[in-house]
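**Q** can't give you the sequence, but here's the structure:
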């Protein structure tokens, strides 16, 4: 079977100039700027300590100055949290499989992490089951992760349910992680938003959304058949092609988009979306930039896709 990682690298060089790849590489490195130290313990303040290292809350409780002591961290753990439920076997806006776009995005992020000496792990699954592969280094390991994502999503599998994977992290994974979620387009309900808030409090979280296909997209002079993968029910062409139905659907999608942006902004989680393989690099660069700068207002891509460069 051809290497998925090799395919990802080929796409990176097809869709981007060398300068873009250099900027992307630099943007990834900047995500961890200032985060190369982990908290170790509190100790008494001694002359010469940095004032900024004083833990004022602990000092107030203790009655005398206490400073935070840190230890250097040379490797970071990156967790790719990927939705591989049935929804990700559907078409994206570009007409490509969402699963293929997820493999590409996971490959780009994993490759960047590996280049910077970071360990990469994977948590993927659906509404009923999750599978975890601990962070490790090396391209052979990354290839295995991409194959897991590729094999995970199918039209006859369980539906997507990212809340199950968020809950898994909170229950079973210890230590601070940089988590990049790659998921289907959805509006978080109250439970999922609560899990996202808790996750954001413990880890650094970035979120990449793979956009849905249009309702009954037209191909040439005829309209394609449409199926709701969530329910498995077909959408009659007479209904999907009706102008009023399409206008109502578009309005509902705009409302849902705004609701999703509001959730991520409220939680302080950087989120970006991709419509297809052609703009994965652009989306990843924008996502990293938002996370680094703390700018969480979603920038909208043209639905047709944007070429990096």
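**A** Cool, got the structure. This is a predicted model, so every value here is computed, not measured.

**Q** Strands along this protein, start to end?
**A** 37-44, 66-72, 77-83, 119-125, 130-136, 178-184, 204-210, 218-219, 222-223, 226-228, 233-235, 270-274 (DSSP state E).

**Q** want to throw those strands into TSV with distance to residue 60?
**A** (Each C-beta comes from the backbone N, C-alpha and C, glycine too.) Listed next are these as TSV, based on distance: least, C-beta to C-beta, whole Å:
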stretch	distance to residue 60
strand 37-44	13
strand 66-72	10
strand 77-83	33
strand 119-125	38
strand 130-136	37
strand 178-184	32
strand 204-210	28
strand 218-219	66
strand 222-223	67
strand 226-228	56
strand 233-235	60
strand 270-274	33
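
**Q** so can I have TSV of those showing mean pLDDT?
**A** Below are the strands of the chain laid out as TSV (pLDDT from 0 to 100):
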stretch	mean pLDDT
strand 37-44	70
strand 66-72	69
strand 77-83	96
strand 119-125	97
strand 130-136	96
strand 178-184	96
strand 204-210	95
strand 218-219	50
strand 222-223	50
strand 226-228	61
strand 233-235	60
strand 270-274	95
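
**Q** Please tabulate those strands in JSON lines, including the columns distance to residue 97 and mean neighbour count.
**A** As requested, the strands of the chain are exported to JSON lines (distance: least, C-beta to C-beta, whole Å; neighbours: other C-beta atoms under 10 Å):
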{"stretch": "strand 37-44", "distance to residue 97": "39", "mean neighbour count": "12"}
{"stretch": "strand 66-72", "distance to residue 97": "42", "mean neighbour count": "14"}
{"stretch": "strand 77-83", "distance to residue 97": "13", "mean neighbour count": "26"}
{"stretch": "strand 119-125", "distance to residue 97": "15", "mean neighbour count": "23"}
{"stretch": "strand 130-136", "distance to residue 97": "20", "mean neighbour count": "16"}
{"stretch": "strand 178-184", "distance to residue 97": "12", "mean neighbour count": "24"}
{"stretch": "strand 204-210", "distance to residue 97": "10", "mean neighbour count": "24"}
{"stretch": "strand 218-219", "distance to residue 97": "16", "mean neighbour count": "9"}
{"stretch": "strand 222-223", "distance to residue 97": "20", "mean neighbour count": "12"}
{"stretch": "strand 226-228", "distance to residue 97": "14", "mean neighbour count": "15"}
{"stretch": "strand 233-235", "distance to residue 97": "19", "mean neighbour count": "12"}
{"stretch": "strand 270-274", "distance to residue 97": "13", "mean neighbour count": "25"}
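
**Q** domain parsing for the protein?
**A** Annotated domains of the chain cover 4-33+76-293, 38-72 [automatic domain parsing].

**Q** tally of neighbours for residue 31?
**A** 22 (other C-beta atoms under 10 Å).

**Q** ah, wrong one, I meant residue 174
**A** For residue 174, the neighbour count with other C-beta under 10 Å is 6.

**Q** Burial-wise, tell me which of the domains of the chain comes out on top.
**A** domain 4-33+76-293 (a mean of 18; mean count of other C-beta atoms under 10 Å).

**Q** That concludes my questions; thank you for your assistance.
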